[in-house]
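Undergrad: Here is a sequence together with a model predicted from it:
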Amino acid sequence: MDIQLTYLIVGIIIGAIATYFMAKFKFQAEFQAEQKPQITQEEIEAKYIFREIHEDAKEQIIALKKELINYQKDYERVSNALSAKEQFADNLNQKLMEGKQDLEKVQQRLTTEFENIASKLLEEKSQKFTAQNQDNLNTVLQPLKEKIKDFEERVERTYLEETKDRISLKTEITKLRELNMQLSQDASQLASALKGDSKTQGDWGEYRLEMLLERAGLTKDIHFKTQSNFKDEEGNDKRPDFIIHLPEDKHLIVDSKVSLTAYEAFYNAENEEDRKHYLKAHVASVRKHLRDLNNKRYEHLYQINTPDYLLMFVPIEPAFAVAVQEDKNLFLEALDRNIVIVTTSTLLATMRTVSYIWKHEKQKSSVLEIAKQSGLLYDKFCLFVDDLKEIGKKLENAQSAYDSAMNKLTDSKKFGDTLVGRAERIKELGANASKSLPQDLLDKIE
């Protein structure tokens, strides 16, 4: 580029000088032709002076031409050298392209081999680990899932039952009051219809008592039994009317055979004298039944775990009310004989309490079962933790195998000696790659 610029400047200078002298000589010739007769000594001197200048210019032009020729020779020599270098560069570029293609082939081969080795290693380890641990997890988790589900169902069922019992308590109390009124009314009507048949009265009393127990929420042959036969210490038969079962294998005896013949006569008496007579007879009948019931000693039966007292059921509340009103010591006398006189309302309330105790006992049993299942669940959970530890050990083995494979990629004293380093070197030499290795992998070997 500098040689060409020099040639250009020299050419411009030579052209300018040549143009100047040619124009000047032409002008002088024309001027001399027109002014020839008037040439002076000064013009002649000027003519010779310009001739010397012209000669000097010619010499400079000749020198410049020689220099131009030398520059042209230098240009040709440099141009030839440049052509030779360009040819060398083309040859070098061709060799570089061929080397690049070879490197790409090597890179592809190394990448393929690396992927095959890594994939094979990881696939073998992963398949073995996945299959084995999947079986272990299924074996451990399936029973655990079943236990947890069963535990949740038990807790929810117990909670719902308890909630329902609490919600229905107010309703049951209302029903209890209505039932008491209805039973009292029915009992009064039936008592009016009885005409002194003790067997009929006893059967009716048992029927009313059984119906009352069922309405209280108790179930026959589960929570109570009728006419069960027992033997006392002397071998005599004993048949309590009703035996109420309580939790913890305890019992409560209820008698229902109260004679109401005198009360029926009192109720239907037409004058005051007869009413007083039959009322005293009714009180005497109740007292006699108290003595007879006390003499049976049901509480001493070894097959029955009963408190020291039993219940005597009077199905008609007015019959009990008039008897107590006539003889205020009657109720206390019954207590002295370990007998509690109950009517429809008081017995129904008592049996409702027994029913609630059974429900509470059922809930308690459910809680105990939940506690038992919780213990089993905890044991299963401990086994599950042990299995998890075993899984952890196998994971550590898999991690060791993984670390070993990674070390084969990065473990070397020099970066260029590792598989990763060689792969990166291929990329730096110009391999056509669209992806890059992870930076954290490169950082490990730098």
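TA: Done, it's in.
Undergrad: next one: phi and psi at K250?
TA: In this entry, K250 is assigned phi and psi values of phi -110, psi 160 (degrees, to the nearest 10).
Undergrad: who's in contact with it?
TA: When the contact criterion is C-beta atoms under 8 Å, 6 or more residues apart in numbering, the partners of K250 are N305, T306, P307. All C-beta atoms are positioned from the backbone trio N, CA, C, and that covers glycine.
Undergrad: Mind listing what's buried along whichever helix or strand E264 is part of?
TA: Secondary structure here is read from DSSP states H and E; on that basis E264 sits in helix 261-268. The neighbour-count check on helix 261-268 (16 or more other C-beta atoms under 10 Å) flags T261, A262, Y263, E264, A265, F266, Y267 as buried.
Undergrad: just the helices in the stretch 301-446 of the chain please.
TA: Along the stretch 301-446 of the chain, the stretches classed as helices by DSSP state H, counting those that start in this stretch are 317-326, 330-336, 344-410, 419-428, 439-445.
Undergrad: Pick out the shakiest of those, pLDDT-wise.
TA: Of all the helices of the stretch 301-446 of the chain, mean pLDDT reaches its minimum on helix 439-445 (a mean of 68).
Undergrad: State the mean pLDDT of the helix holding E264.
TA: The predicted confidence, averaged over helix 261-268, sits at 81.
Undergrad: swap in stretch 209-219?
TA: Computed over stretch 209-219, the mean pLDDT rounds to 85.
Undergrad: ditto for stretch 164-179
TA: Predicted confidence along stretch 164-179 averages 69 (mean pLDDT).
Undergrad: mind putting the helices of the stretch 301-446 of the chain in JSON lines, mean neighbour count included?
TA: Rendered in JSON lines, the data for those read as follows (neighbours: other C-beta atoms under 10 Å):
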{"stretch": "helix 317-326", "mean neighbour count": "18"}
{"stretch": "helix 330-336", "mean neighbour count": "14"}
{"stretch": "helix 344-410", "mean neighbour count": "14"}
{"stretch": "helix 419-428", "mean neighbour count": "17"}
{"stretch": "helix 439-445", "mean neighbour count": "12"}
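Undergrad: sorry, back to before: relative to helix 317-326, how tilted is the helix holding E264?
TA: Direction vectors for helix 261-268 and helix 317-326, defined by axes from the mean of the first three to the mean of the last three C-alpha atoms, to 10 degrees, enclose an angle of 90 degrees.
Undergrad: and helix 261-268, what other elements does it pack with?
TA: helix 41-193, helix 272-295, helix 317-326 (3 or more C-beta pairs under 8 Å, 6 or more residues apart in numbering; DSSP states H and E).
Undergrad: any idea which helix or strand comes after the longest one?
TA: What it means is helix 41-193. Scanning forward in sequence from helix 41-193, with DSSP H and E defining helices and strands, the next element found is helix 198-215.
Undergrad: List the contacts of that following helix.
TA: Contacts of helix 198-215 from elsewhere in the structure, counted by C-beta under 8 Å, 6+ apart, are 179, 183, 187, 190, 194, 220, 223-224, 226, 241-242, 244, 254, 256-261, 313, 315, 344, 347-348, 351.
Undergrad: of those residues, buried ones?
TA: The neighbour-count criterion (16+ other C-beta under 10 Å) marks 179, 183, 187, 190, 223-224, 226, 241-242, 244, 254, 256-261, 313, 315, 344, 347-348, 351 among those as buried.
Undergrad: Verify the stated contact: V322 with L279.
TA: Yes: here V322 reaches L279: they are 6.4 Å apart, a contact under C-beta atoms under 8 Å.
Undergrad: Now the common contact residues for these two.
TA: Common neighbours of V322 and L279 (C-beta under 8 Å, 6+ apart) are F266.
Undergrad: Having no further points to raise, I will conclude here.
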